[in-house]
Each structure stands twice: as C-alpha cells, then as structure tokens.
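Undergrad: Generate a structure from the sequence data that follows.
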Amino acid sequence: MLVNNCSVQKGMAVPRPLKPVPYHHFHDHVAAMLSRPGIEEAILAHLKSGALEKELSDIMSAKAVREFLDASGQPFVRISGTELRLVWGIAADWYNPHQNKMAGKSVSTGVVAMVCLSLPQHLRYREDLLYLSTTIPGPKEPSLDAINPLITPLMYDLVVSYDPGIFITQTHSYPKGCHIFNAVIPLIADTLASKKMSGNCSHNGRFFAPAVVFLETISTSWILQIGRRNSRANNMKLTPGSG
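TA: Below you'll find the model as predicted:
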C-alpha cells in the first residue's frame, strides 16, 4: 500500500509504504532449519517409525493428512528417494502489545507463524524451529480483504514450495543438495482470524456473496435466484428459463 504524499529524492517523486511490514522468506527458513544437524534424521525417523499408522496420537496420523495428495496425484506424505516432504500448519492471531487492561490503550498487532508438523513432537514447538513469517502492525486489525497484500509474499512462496518444490543446494544430510516439497494443511486460528486468513465469510454469514446467479443448461435452462443476505430463506426458488 502506498501513500499519496510521496517523498522527493533528486527531484523525483518516490512512493513510500504506508505501513512497512517485515517478511522472513519461507525458503530461507526451510534452508536454515535443514542445515542443522539431526533435523532431517529426526523427520525421517518419525515417518519411518510406524507409530503414525498405529494410533491417532499425532496430527500426522489424521486421515486428512495421510490422504493429502501432491501435484502428481500421489500421497504427499511418503518417503521418496532424496526428496524431503514437509507438512506445515499455519497460525494467525492478533493481540494487544500493551496487555489487556481496562485502562490501557486498545491496540492490536498481528502475527503469522508456521510450525513444521513433520518434526517429532519434542522438536516441533521449539522456538528456534518455529517459522515467524510476519508481524502485522496496528493499531487496528486489517479488514477481511486488507490483509491480502500483507500475506501475498508468503502465499507466493508456499505455492512454489508445493509445486514444483524448491531445491536447496546444501543441507546437513545432503551436501550436494536436496529437493524439498512443502504443504500447508491445517489453519490454526480462532473464528475471526480464520476468516481473514482463508477469505471465507463470517461465522454468521448465510451466503458467501451478497448475490449469486447460477446457470445450468441441460435440456432446459434453470436459473437459481438467490436473494440478498437480508432475504428470507423461502425466497430461494427455481425459475425455468426460455431455452
């Protein structure tokens, strides 16, 4: 986002950001994490142990994670040669940096962070292994669509890291480089933050959009007319078309 009253440098107008937002590149974090001794071995040992298939004691044992597919249509969570496949959970929340006091200022600062769920549980939530993507400045929370430019750099990195993946030239276990695939499966957030991150409507919304027109042509055209959000449910009706 840019401001209108740009600064002037050497006689040229230079736009400046309204709110500078720091961003730690996701690929840099993955490369730094895999450069540490024991991390890759711990990920593979956790996957090969067989405990994930015996009982539902870890989110990695969940059916939704085990059946999640990669871009080729194969199960994402699998051992495939020198490739390494990492599952992540993304979390977002806002808090008052001045603490929640009755007499304190009402300020809200946001945090977007990720945890590598492929790590064993005793390593998963270590501070040095958590990925702090960005902090969203206050003093107020961004609206539902205003958050999009703030998380766009992260989304670009995540799309590429899923398909075609990223190649890290050197890790601790692979000095000649390793191909890494990453997938974000769970979103960890409360109701309000989850709507901002996922782009869905609010928890009490009746329709995703104010007005929707759906046209399906088989032998006769039918138009499903849906009223606006303040319409009653019985206003929904099928009207035959002229085709």
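Undergrad: Can you give the domain ranges for the protein?
TA: 14-198, 206-243 (automatic domain parsing).
Undergrad: okay, the ones you listed in CSV with mean neighbour count and mean pLDDT next?
TA: (Each C-beta comes from the backbone N, C-alpha and C, glycine too.) Listed next are the domains of the chain as CSV, based on neighbours: other Cβ atoms under 10 Å; pLDDT from 0 to 100:
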stretch, mean neighbour count, mean pLDDT
domain 14-198, 15, 84
domain 206-243, 11, 42
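Undergrad: Over to residue 150: give its phi and psi.
TA: As for residue 150, its main-chain torsions (degrees, to the nearest 10) stand at phi -80, psi -30.
Undergrad: From residue 23, how far out is it?
TA: Taking Cβ to Cβ, to the nearest Å as the measure, residue 150 falls 9 Å from residue 23.
Undergrad: Need the residues touching each of the two.
TA: Taking Cβ atoms under 8 Å, 6 or more residues apart in numbering as the criterion, residue 150 and residue 23 both touch residue 134.
Undergrad: secondary structure element for the residue nearest the centre of the chain?
TA: What sits nearest the mean C-alpha location of the chain, by Cα atoms, centre = their mean, is residue 90, with 5.2 Å. Per DSSP states H and E, residue 90 falls inside strand 84-95.
Undergrad: Show me what that strand is packed against.
TA: helix 39-48, strand 109-116, strand 178-188, helix 191-198 (3 or more Cβ pairs under 8 Å, 6 or more residues apart in numbering; DSSP states H and E).
Undergrad: Can you add distance to residue 95 and give those back as CSV?
TA: CSV is the format used below for the helices and strands packed on strand 84-95 (distance: least, Cβ to Cβ, whole Å):
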stretch, distance to residue 95
helix 39-48, 29
strand 109-116, 6
strand 178-188, 15
helix 191-198, 11
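Undergrad: Can you say which of the ones you listed is nearest to residue 71?
TA: strand 178-188 (8.6 Å; Cβ to Cβ).
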